[in-house]
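Chemist: Show me how the following folds:
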Amino acid sequence: MPPFEGSESDKEKELEKLHAPAESTDINKKVVTHSGWKSWKDHIPYAIVTVSLVEIVFYIVSNNNLQKLLRFEPNKLHEIWRFVTYMLLHDDWIHLALNVFMQVLFAYFLEIRHGTVRILVLYLSGGVTAVLGASCFHPDLVIGASGGVYALLISHVADVMMNFESLNNKVYRCFCVVVIVISDTTYSVVHIFSKDEPIISWGAHVVGGISGLFLGLVFFKREEYLARVRKLSLFWLGLILYVVLLISLVVLTQQIKKCTPSNLIKTKYVYFC
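Modeler: Below you'll find the model as predicted:
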């Protein structure tokens, strides 16, 4: 009988090893780390939440004088703070609520993977580049954080491009990006043709999204096992394209300023003179 008792004890030990919780926990942690789907309580996107709170405060306390001081105006390009501060202002509470909700949602899946600083820099840089685009293609006053929101949204494409093998739910992420872009584009087209106020700055949306794609290739982390050539190729591709975009917008903005009288700049642009 002793041999039989000993073999049964060994079987129990083997079963305990097979069902050890430590191994299961490690596997789950690995899956969650790569997919980015963790409890929101542990991964609040602090940078964008902080920015959103500041935008809410500015909406509450802002008046006409403050708006005139902070909004982007195409004939006041020398006041460089306007390239950032316009993002703090919103037309009404619906405009504010939509931007705050969307930017926090988009940042949630990015900050837990790439860090607070990277996402904040991408958001602000996308906003600056977006309003440059608005100044080139849409001659009017600009307020709102939509350029930064679009930078965050389209940067998800860059994240998928660089970490395709390790990302879970990448198909759903791409599908959601496409649906949001199509929905917003449809709304913008209908809004423009109906000539409703306020006018949507489609130039800021488009350029903000493009800059988000390029900056995502520059700032986002890459999986360690990816080939070094691929890492460097994506980095330099994003950096070169963004620099070309930025320089082109700056040159075009200066050309418009040179050729267009200040009293006409909100009505039409003259690109060549």
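Chemist: ok, S155 - contacts?
Modeler: L110, L122, G126, G212, L213, L215, G216, F220 (Cβ atoms under 8 Å, 6 or more residues apart in numbering). All C-beta atoms are positioned from the backbone trio N, CA, C, and that covers glycine.
Chemist: And the helices in this protein, which stretches?
Modeler: Under the criterion DSSP state H, the chain contains helices at 2-18, 21-35, 46-61, 64-70, 82-85, 93-114, 116-137, 146-162, 170-194, 202-219, 228-259.
Chemist: so where is the stretch 101-250 of the chain shaky, pLDDT-wise?
Modeler: Scanning the stretch 101-250 of the chain with the threshold set as pLDDT under 70 gives 139, 191-199, 224-228.
Chemist: picking up where we left off before, could the contacts of S155 go into CSV alongside neighbour count and distance to A47?
Modeler: Shown next, in CSV, are the contacts of S155 (neighbours: other Cβ atoms under 10 Å; distance: Cβ to Cβ, whole Å):
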residue, neighbour count, distance to A47
L110, 26, 10
L122, 27, 10
G126, 33, 13
G212, 30, 15
L213, 21, 20
L215, 25, 15
G216, 29, 15
F220, 24, 15
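Chemist: Quick check on P45: phi, psi?
Modeler: Dihedral pair for P45: phi -80, psi 80, per degrees, to the nearest 10.
Chemist: how much space between it and G133?
Modeler: 25 Å (Cβ to Cβ, to the nearest Å).
Chemist: neighbour count winner among the two?
Modeler: G133 (27 against 24; other Cβ atoms under 10 Å).
Chemist: tell me, how many neighbours does K170 end up with?
Modeler: 17.
Chemist: got the contact list for the spatially closest residue to it that is not a sequence neighbour?
Modeler: Closest residue in space to K170, ignoring its immediate chain neighbours: V160 at 5.0 Å, by Cβ to Cβ, 6 or more residues apart in numbering. Contact analysis of V160 by Cβ under 8 Å, 6+ apart lists L167, K170, R173, C174.
Chemist: Compare those residues and tell me which is most surrounded.
Modeler: Compared across those, L167 has the highest neighbour count, 19 neighbours, by other Cβ under 10 Å.
Chemist: So that residue versus P45, what's the distance?
Modeler: 18 Å.
Chemist: same check, this time on T186
Modeler: 28 Å.
Chemist: Also L213?
Modeler: Here the criterion is Cβ to Cβ. By it, L213 lies 19 Å from P45.
Chemist: returning to what we had before: closest one of the contacts of V160 to W93?
Modeler: R173 (28.8 Å; Cβ to Cβ).
Chemist: and the residue lying closest to that closest one once chain neighbours are set aside, what is it in contact with?
Modeler: Leaving aside its sequence neighbours, R173 sits nearest to H156 (Cβ to Cβ, 6+ apart; 5.5 Å). Each residue near H156 by Cβ under 8 Å, 6+ apart is listed here: F106, F109, L110, R173, C174, V177, G216.
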